[in-house]
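Visitor: Please work out how this folds:
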Amino acid sequence: MTKELRLNAFTMATPDHLSPGLWRHPRSEAAVYTKRGYWTELARILERGLFDGLFVADTLGVSDVYRGSRDTALADGLHVPLNDPLLTIPAMAEVTENLGFGVTVSMTYEHPFTLARRMSTLDHLTDGRIGWNMVTSALDSASRAFGQPGQLAHDSRYDMADDYAALCYKLWEGSWAEDALRRDRESGVYVDPTRVRTIHHAGPHFTLDAMHLCEPSPQRTPVLYQAGASPRGRRFGAENAECIFIGAPSKPVLKKFVGAVRQNVVEAGRDPADVLIFAEHTVIVAATAAEAAAKEADYRSYCSDEAALALMSGWIGTDLSRYKLDDPFLHVESNAIRTAVEAMSSADPGRVWTIREIAAWCGIGGLSPVSVGSPVTVADSLQSWAEETDIDGFNLAHAVTHETFRDITAFLVPELQRRGAYKTAYRPGTLRHKLFGHGDRLPAHHPAVRHRIAPGAAAA
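Guide: Numbers count the residues shown, from 1 in each chain. The predicted model follows:
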């Protein structure tokens, strides 16, 4: 039986996301990312392509590890300037009916009470199409922006995330009973006060004594995304996430990660069917292989090695400008994204990568693999990755926006549909129902469910 692939688009509210320098391409629309029309047009393209969702990355710091300066990032528009991704969602929701929206919000720097309120509001405004990427942040510059001398240690950030998630679940699932909302014009009762519970939380990191301010939204808890691939990050994802994103440059590395994640989900006492795994990937597709190859060559002529090294330096927490371009890239322990180092070191067993090769690799798609070719060739490639690594779908980054997503919609999607490997219509309902087909709310195996107010149980 042919496996049906799921596709998310992957972007950021900034000129340069994962293809350093390509904002300069004459067909790139990245320079107008601040305009409402940029986002509404992107949403329309993705919905035509039946994408499951648009995943919007974010960070609260600046890539300033390379040369000990933010200058390279600023000069290239590399994740800076950077707008708040949450504020792009209502505009895109207005021009679409089915596209989901997964948005990154850090658990390290925003209080759970305000985050829960914002997500509930967005879930209402999108008719239940919002998801939250639960991250702990990985840049020291973000810590300094919030008045802290540096990041918490890697595993300590996830300890705090455990407490953060638990508090959000209490607010979303346990503050309002299902029958709290009355809207009874005759009696004049909008909400039954006895069916709304004040949450009393005294955790190791957060304390709260308040009710959730928002009435229950279509999903209550947004669809939960997570992208940590370290052992501690995988454990957190296995316990909480419904969609897990993995970046790996080779099939052996990806397969290893996927196996570990699925085992972690079982160990967490959850049903593996309740978790979808998406791999980061970049696609350059055209009507013919020759046209796709020409397009890739054209794109690479705009790549910036300097910006690529700045991107990688920020990920691994090590200044790559300290090395000569032909020096070997060896394993480096850091408090940032450890798996970035591990993935590159093990992408081609036995090969020693140089700094120059790392810059070239990261030029299009960052650490993700790149599939280039005709619709048939690229469809073959994606199906091969899915079958050999046991992923459920892809987080597709753009090389040139919005051209990459237009090409995927025009060329790749019809070929996948012809093979029975991609949907021909959206499911009805919320994002969660579209993804899993089991309803709008979290399934019984999820830890948040234990906070729900049982039918007939006292609330207030």
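Visitor: Wasn't His201 part of a helix?
Guide: No: assessed by DSSP: H, G, I helix; E, B strand; the rest coil, His201 does not belong to a helix; its assignment is strand.
Visitor: That one and Val413, how far apart?
Guide: The gap separating His201 from Val413 is 45 Å, by CB to CB, to the nearest Å. For glycine as for every other residue, the C-beta is placed from the backbone atoms N, C-alpha and C.
Visitor: Could you check which of the two is surrounded by more residues?
Guide: When His201 and Val413 are compared on other CB atoms under 10 Å, the one with more neighbours turns out to be Val413, at 22 against 16.
Visitor: Would you agree that one falls within a helix?
Guide: Yes: assessed by three-state DSSP, Val413 belongs to a helix.
Visitor: Just to check, it is in contact with Leu46?
Guide: No: in this structure, Val413 is not within contact of Leu46 by CB atoms under 8 Å, at 10.4 Å.
Visitor: most residues in a single strand of the chain, which one?
Guide: In terms of residue count, the longest strand belonging to the chain (DSSP state E) is strand 276-285.
Visitor: so how far is that strand off the chain centroid?
Guide: Strand 276-285 sits 12 Å away from the centroid of its parent chain (CA atoms, centre = their mean, to the nearest Å).
Visitor: average pLDDT for that strand?
Guide: Strand 276-285 shows an average pLDDT of 97 in the prediction.
Visitor: Kindly report the same for stretch 255-266.
Guide: Here the average pLDDT along stretch 255-266 is 93.
Visitor: and that stretch, which residues are buried?
Guide: Lys255, Phe257, Val258, Ala260, Val261, Arg262, Asn264, Val265 (16 or more other CB atoms under 10 Å).
Visitor: Next: stretch 184-197.
Guide: In stretch 184-197, counting by 16+ other CB under 10 Å, buried: Asp192, Arg195, Val196, Arg197.
Visitor: Can you name every helix or strand that the longest helix belonging to the chain contacts?
Guide: The residue-count maximum for a helix in the chain (DSSP state H) belongs to helix 154-174. The contact analysis (3 or more CB pairs under 8 Å, 6 or more residues apart in numbering; DSSP states H and E) places helix 154-174 against helix 112-125, strand 199-202, helix 231-240.
Visitor: Please identify the pairing partners of the shortest one and their relative orientation?
Guide: If you go by DSSP bridges, strand 199-202 pairs up with strand 207-210 (antiparallel).
Visitor: So what touches the partner strand?
Guide: Pro112, Phe113, Leu167, Thr198, Ile199, His200, His201 (CB atoms under 8 Å, 6 or more residues apart in numbering).
Visitor: Could you pull out the buried residues of it?
Guide: Judged by neighbour count (16+ other CB under 10 Å), strand 207-210 contains these buried residues: Leu208.
Visitor: quick one: low-confidence ranges for the chain?
Guide: Along the chain, segments meeting pLDDT under 70 span 138-140, 143, 146, 149-150, 152, 330-351, 460.
Visitor: Show the contacting residues for the residue nearest the centre of it.
Guide: What sits nearest the mean C-alpha location of the chain, by CA atoms, centre = their mean, is Phe55, with 4.9 Å. Under the criterion of CB under 8 Å, 6+ apart, the contact list for Phe55 reads Asn8, Ala9, Phe10, Thr11, Gly102, Val103, Asn133, Tyr225, Phe245, Asn395.
Visitor: does the last one really touch Ile277, like I thought?
Guide: No: judged on CB under 8 Å, Asn395 makes no contact with Ile277 at a distance of 10.2 Å.
Visitor: one step back: relative to Leu82, which of the contacts of Phe55 is nearest.
Guide: Nearest to Leu82, judged by CB to CB, of those is Thr11 at 12.0 Å.
Visitor: how much space between that closest one and Phe236?
Guide: For Thr11, the distance to Phe236 equals 24 Å [CB to CB].
Visitor: No further questions, thank you.
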